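S.K.: predicted model follows, preceded by the sequence.
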Amino acid sequence: MKRNARSFWLLLSIALILPPSSWSAQERGREQASAAAEHAKLQRQAETLHLPLAKESELRSEGNLYGFRSTESLFSRRVDSRTYFVQDLRAAQEKELKIFEGPNKEYTDRLTEVFRALEIPAAEIAQSKVLQEETQEGQLDPKTGKLVREEPRPGKRWAMATRQVEGLPVFSSRALMGLSVDGRISFLELHWPVISAEVLLEAHRLQERVRSKFRPPALEGAHVESVEAGILHSPAVSFVMDIHPVIRVTYAPDAKGLGKKAVRYLDANGREVAAPRQFAQPLERPPEKPRQTPGAKLR
Amino acid sequence: MTRASFLIGFAVILAALPLSAQLRYSTGGVNNYPPATCGGPNLSLCVPEARDFQFWYNSAGFHNVTRWENGDVWGADFRDGTDRDPSGGSDIPQVYFFSGHGICQNAPVAADPDFLVTCGNFGTPNVDNIKSSSRWGNAGGTLQFMFIDASCPMDLVSLTNNWFVPFQGLHIATGHSGNATHDTLDSETRGATFAAYTTGGAGTIFGTLGLLPHLSVGDAWMNTGLIDVQSQVCAVAIAAGNDRNDAINRREHEFVTSGWGNPTPNWFAWRWVCN
């Protein structure tokens, strides 16, 4: 009887243990299939973007990032966000500054292609423009001590897009793309996380609040320059993805001069919203002891 | 003989260490600018921005020299003669990242100075005129990269009047050009992303996999300097060089980890991009 009871409990234990282990095998299988699908998808996207890495490169994956890297190019994306990075690694080996000569329209067209290839809704582009870098050089004249300047020359260009969803600005999203001399993407940061319906709904509420009678808090030494409801989220290079509906208040300084405008991100009650996190762990604390003053001579 | 062998061996090991393990950096982040004493208004994101910068640079194995905040960042830290104070001078490390207020003119002209502004509990005055008081890399100073996130410290119209004198061994400086109505916004993301790209995420999962772009200082600032800025604001990077090609090469290709020697500032090359 005792042996029977022992056998019963043993079988029950096995019965309880086995299904989870077989489930985890299934889970593992599903995960592998999912990873393979993601791998294939990323390869297809790389091919569509004319990135020369699909055949020779293995998919690397760790944390919230996965992608390919070859001697010529890197292409990666975040697991937890619709965020992509591309870099043409040939450019780093070039000593001369070579610039893509095509028209601006080619930049904006290519950026639209990128959105299509990565299945990102281009309709969410609020503004798309081409930023033109300028470069200049100058030689110090040892006799006069003045700098003798050469004429400025056009440098690299960048296609940049900002974002709106349902008329709401998404302050932290952006697309920035450069092209190499042969038209290949030299750099891409496309940070366009999916915004949930709940966040959009709350952001619309905040928008109504701003339109009705929202009074932003006063900030000593500054006055309100603009108030706008929108969406704030963690940056492209971060380990977590927080997304907050917010009211952004920008303040212009009262006193003549002090630059860098103060900004506050608020909820419907005018309380500050915690900044979206970038890191999973808290950062190192600042020094606890105040700085030692060396003496009175500097006072 | 044994001691000599040990010392030689030690020297070889030191030389073989990656530069990243030896690079020294400091940060200064200032949020508190009480209007009554420091002009105001208070900012809120400069201190977090400096801490984020530290995260990326610490992860890369760089040695943090100082990381003062608010009143512990002094105007004296950026003035020649006191900028080598071991407790926080900007000419002690090789990289210094400052985030705080600057001063923007309404319509800057070529003769206008550039500034960075602190609100120190010591080492006043708080307002530093960069041309007249800042010199980096001289008299034993070691600063190679000065990163200023303080609104208008590099107005293009006055750049060549203000910014060649501070280069006394300094390699590259970055900042913004703007005016009182077209200014940078207080931002945590700008400096953090700049730090991430200048290190390539080294020491983090991003760097381990090599899946994050790793950019030269000039490229990183062109890519991140326009985050959270108003229209017509420009991100500016200026490099010194022994000759024209050297200055251009540094402007385009120098990384914080390049380990290049100090230039004799005969030539300058700068680049900018405007929103």
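M.R.: Perfect, I can see it now.

S.K.: what about residue A:289, neighbour count?
M.R.: Look at residue A:289: counted by other C-beta atoms under 10 Å in any protein chain shown, it has 6 neighbours. In this view, the C-beta of every residue, glycine as well, is placed from N, C-alpha and C.

S.K.: contact partners of stretch B:50-59?
M.R.: By C-beta atoms under 8 Å, 6 or more residues apart in numbering or on different chains, the list of residues contacting stretch B:50-59 from outside reads A:278-279, A:283-284, A:286, B:25, B:27-29, B:64, B:67, B:69, B:95, B:97, B:99, B:188, B:191-192, B:194-196, B:198-199, B:201-204, B:207.

S.K.: ok, of those, which come out buried?
M.R.: A:278-279, B:25, B:27-29, B:67, B:69, B:95, B:97, B:99, B:188, B:191-192, B:194-196, B:198-199, B:201-204, B:207 (16 or more other C-beta atoms under 10 Å in any protein chain shown).

S.K.: hmm, back to that, among the contacts of stretch B:50-59, which ones are in helices?
M.R.: Assigned to helices by DSSP state H, the following of those qualify: B:191, B:192, B:194, B:195, B:196, B:198, B:199, B:207.

S.K.: spit out the contact partners of residue B:127.
M.R.: B:75, B:103, B:115, B:117.

S.K.: residue in chain A nearest to chain B?
M.R.: residue A:221 (2.4 Å; C-beta to the nearest C-beta).

S.K.: hmm, residue B:43 and that residue touching each other?
M.R.: No. With contact defined as C-beta atoms under 8 Å, residue A:221 does not count as touching residue B:43 (10.5 Å).

S.K.: sorry, back to before: mind putting the ones in helices among the contacts of stretch B:50-59 into CSV with pLDDT and distance to chain A?
M.R.: Shown next, in CSV, are the ones in helices among the contacts of stretch B:50-59 (pLDDT from 0 to 100; distance: C-beta to the nearest C-beta, whole Å):
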residue, pLDDT, distance to chain A
B:191, 98, 11
B:192, 97, 6
B:194, 98, 10
B:195, 97, 9
B:196, 96, 4
B:198, 97, 11
B:199, 95, 10
B:207, 71, 10
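
S.K.: just the buried ones from the contacts of residue B:127, in PyMOL syntax?
M.R.: In PyMOL, selecting the buried portion of the contacts of residue B:127, with burial taken from 16+ other C-beta under 10 Å, looks like this:
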select buried, chain B and resi 75+103+115+117
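
S.K.: could I get the contacts of residue B:127 as JSON lines with secondary structure and pLDDT?
M.R.: Below are the contacts of residue B:127 laid out as JSON lines (DSSP: H, G, I helix; E, B strand; the rest coil; pLDDT from 0 to 100):
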{"residue": "B:75", "secondary structure": "helix", "pLDDT": "97"}
{"residue": "B:103", "secondary structure": "strand", "pLDDT": "94"}
{"residue": "B:115", "secondary structure": "strand", "pLDDT": "95"}
{"residue": "B:117", "secondary structure": "strand", "pLDDT": "97"}
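
S.K.: can you tell me which of the contacts of residue B:127 is nearest chain A?
M.R.: The nearest member of the contacts of residue B:127 to chain A, counting by C-beta to the nearest C-beta, is residue B:103 at 4.4 Å.

S.K.: who touches the closest residue to residue A:86 other than its chain neighbours in this structure?
M.R.: Nearest non-adjacent residue to residue A:86, counting by C-beta to C-beta, 6 or more residues apart in numbering or on different chains: residue A:188, 3.7 Å away. Shown in contact with residue A:188 (C-beta under 8 Å, 6+ apart): A:84, A:85, A:86, A:87, A:114, A:175, A:176, A:177, A:178.

S.K.: mind listing what the helix or strand hosting residue A:188 pairs with, with the direction of each?
M.R.: According to DSSP states H and E, residue A:188 maps onto strand A:185-191. If you go by DSSP bridges, strand A:185-191 pairs up with strand A:83-88 (antiparallel), strand A:174-179 (antiparallel).

S.K.: pull out the CA atoms of stretch B:103-115 and give them to me as CSV.
M.R.: Below are the C-alpha coordinates for stretch B:103-115, written out as CSV (Å, rounded to 0.1, in the frame of the first residue of the first chain):
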residue,chain,number,x,y,z
ILE,B,103,24.0,83.2,-23.8
CYS,B,104,22.3,83.9,-27.1
GLN,B,105,22.2,87.3,-28.7
ASN,B,106,19.1,88.5,-30.5
ALA,B,107,21.0,88.9,-33.7
PRO,B,108,24.7,87.9,-33.2
VAL,B,109,27.3,89.8,-35.2
ALA,B,110,31.0,88.9,-35.8
ALA,B,111,32.2,90.9,-32.8
ASP,B,112,29.9,89.2,-30.3
PRO,B,113,31.5,86.9,-27.8
ASP,B,114,30.4,83.3,-27.0
PHE,B,115,29.7,82.2,-23.5
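
S.K.: buried set for that stretch?
M.R.: Those would be B:103, B:104, B:105, B:108, B:112, B:113, B:114, B:115, for stretch B:103-115 by 16+ other C-beta under 10 Å.

S.K.: quick one, what contacts the nearest residue to residue B:119 once chain neighbours are set aside?
M.R.: In this structure, residue B:119 finds its nearest non-sequential neighbour in residue B:38, 3.6 Å apart by C-beta to C-beta, 6+ apart. Residue B:38 sits next to B:32, B:117, B:119, B:126 when contact means C-beta under 8 Å, 6+ apart.

S.K.: so which of these are in strands?
M.R.: Of the positions in the contacts of residue B:38, residue B:117 sit in strands, assigned by DSSP state E.

S.K.: just list whatever residues bridge to residue B:268.
M.R.: Assigned bridge partners for residue B:268, using DSSP bridges, are residue A:138, residue B:240.

S.K.: which residues does residue 125 contact?
M.R.: If you meant another chain, say so; for now it's chain A. A:115, A:161, A:162, A:163, A:164, A:175.

S.K.: wrong one, I was asking about chain B
M.R.: Residue B:125 makes contacts with residue B:75, as judged by C-beta under 8 Å, 6+ apart.

S.K.: next one: stretch A:39-58 to chain centre, how far?
M.R.: On the basis of C-alpha atoms, centre = their mean, to the nearest Å, stretch A:39-58 sits 21 Å off its chain's mean C-alpha point.

S.K.: in it, what counts as buried?
M.R.: Neighbour-count burial for stretch A:39-58 [16+ other C-beta under 10 Å]: A:42, A:43, A:45, A:46, A:49, A:51, A:52, A:53, A:54, A:57.

S.K.: just the endpoints, please. Distance across that stretch?
M.R.: One end of stretch A:39-58 sits 9 Å from the other (C-alpha to C-alpha, to the nearest Å).

S.K.: nearest to residue A:139 among the ones in helices among the contacts of stretch B:50-59?
M.R.: Residue A:139 lies nearest to residue B:198 out of these, by C-beta to C-beta, at 27.7 Å.

S.K.: you'd agree the closest one is up against residue B:215?
M.R.: Yes. Residue B:198 is within contact range of residue B:215, at 6.6 Å (criterion: C-beta under 8 Å).
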